[in-house]
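*Asks:* need a 3D model of the following:
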Amino acid sequence: MYFLTRQFWLAAAVASALTLSSPLVAQPIEKGPVRTVLALGRVASMIETPMYFKLSRVTIPAAGTVYRGDHSMIYLLSGALTVTAANDKRALQQGEGTYLPPGIELTLQAGAGAVAELLQYQLLRAPYSATPAMNAPASAVELHQMNIPANELKAGPYEFSMTRVTVPAGTSRPRPHTRSGAALYYVLSDGTITLWPSATVDALTGESRSEPRQVGTIQEEPYGFIHSWSPKADAPLVLLQANISQEGVPEIIFVK
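*Replies:* Numbering: from 1, shown residues only. This next block holds a predicted model:
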């Protein structure tokens, strides 16, 4: 989801083999997780070279910065931010996010007299490089890099999405599942993850174990990683998820 005009995006899609999503959509499930899609892009192919996620924490000064880079998603942790491409602008408030397409020069401007703090997911091609999250005078701290296993990737387009998942307090643990592609999570509010040792999705084998995950924890979720998230009894679990999955294929594969 992005703010540029339809005509601009049609031109960009032809140039970069990329299309964009519909506007922000919240998908509530009664007494279960609420998934709010904050940003969505389309990647023409994932199989030519190995791919990886790069997650960074970025500070945008009042002076602003310019970004022209790879497929990217940003999530605003604090402050206010305006993203501009040509004559099109999108204003972001805390808790909102958007997609930054490749090959387009974008200006990111913090609110007057303030700074903006954000998380940025980049989808990059290996070999690893020093690809900057943002240009100076912005500053960035790299938090994590995650390989996207190539053995399960297939030919064709992929969705690159960023979703905020909120699991209400006291909700029972959802069914164990794995990803059809891969995901990288950032924990925004404390909770618990339960892990199973099985490497298949046909049956659960062995004993599970549960581990706490605190704010700021980063969790990889590759294909074959069987797990389930659950909240605390008195507070919701909130997760920020970057996901890559084949177009037309569900993100989540539930375990029998």
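*Asks:* residue 251 against residue 223, yeah?
*Replies:* No. Using C-beta atoms under 8 Å, residue 251 is not in contact with residue 223, being 11.1 Å away. C-beta here means a position set from N, CA and C on the backbone, and glycine is covered the same way.
*Asks:* and for the two, which residues touch both?
*Replies:* Common neighbours of residue 251 and residue 223 (criterion: C-beta atoms under 8 Å, 6 or more residues apart in numbering): 179-181.
*Asks:* now do the helices in the stretch 1-150 of the chain.
*Replies:* 6-16 (DSSP state H, counting those that start in this stretch).
*Asks:* any stretches of it with poor pLDDT?
*Replies:* Applying pLDDT under 70 to the stretch 1-150 of the chain picks out residues 1-31, 128-129.
*Asks:* now residue 245. Nearest residue, chain neighbours left out?
*Replies:* In space, not counting the residues next to it along the chain, residue 245 is nearest to residue 181; the distance is 3.9 Å by C-beta to C-beta, 6 or more residues apart in numbering.
*Asks:* how close does the one you found sit to residue 188?
*Replies:* Computed as C-beta to C-beta, to the nearest Å, the residue 181 to residue 188 distance reads 22 Å.
*Asks:* over to residue 118?
*Replies:* Counting by C-beta to C-beta, the gap from residue 118 to residue 188 is 13 Å.
*Asks:* neighbour count winner among the two?
*Replies:* The neighbour comparison of residue 118 against residue 188 (other C-beta atoms under 10 Å) goes to residue 118, with 26 against 21.
*Asks:* for stretch 143-157, buried residues please.
*Replies:* Burial within stretch 143-157, assessed by neighbour count using 16 or more other C-beta atoms under 10 Å, is assigned to 143, 145-146, 148, 153, 157.
*Asks:* what is residue 158 paired to in the beta sheet?
*Replies:* residue 43, residue 246 (DSSP bridges).
*Asks:* does it touch residue 248 like I think?
*Replies:* No. The pair residue 158 and residue 248 does not pass the contact test of C-beta under 8 Å, sitting 10.1 Å apart.
*Asks:* neighbour-wise, which of those two wins?
*Replies:* Just comparing residue 158 and residue 248: by other C-beta under 10 Å the higher neighbour count belongs to residue 158, 24 against 8.
*Asks:* give me the pLDDT for that one.
*Replies:* Predicted confidence (pLDDT) for residue 158: 94.
*Asks:* one more: residue 234?
*Replies:* Reported pLDDT for residue 234: 92.
*Asks:* again, but for the one 5 residues further on
*Replies:* As summarised for this prediction, residue 239 has a pLDDT of 96.
*Asks:* dig out what it forms beta bridges with.
*Replies:* Beta-bridge partners of residue 239, as defined by DSSP bridges: residue 165, residue 187.
*Asks:* what's near enough to touch it?
*Replies:* 164-167, 185-188, 191, 229.
*Asks:* next: residue 94.
*Replies:* Residue 94 neighbours (C-beta under 8 Å, 6+ apart): 76-80.
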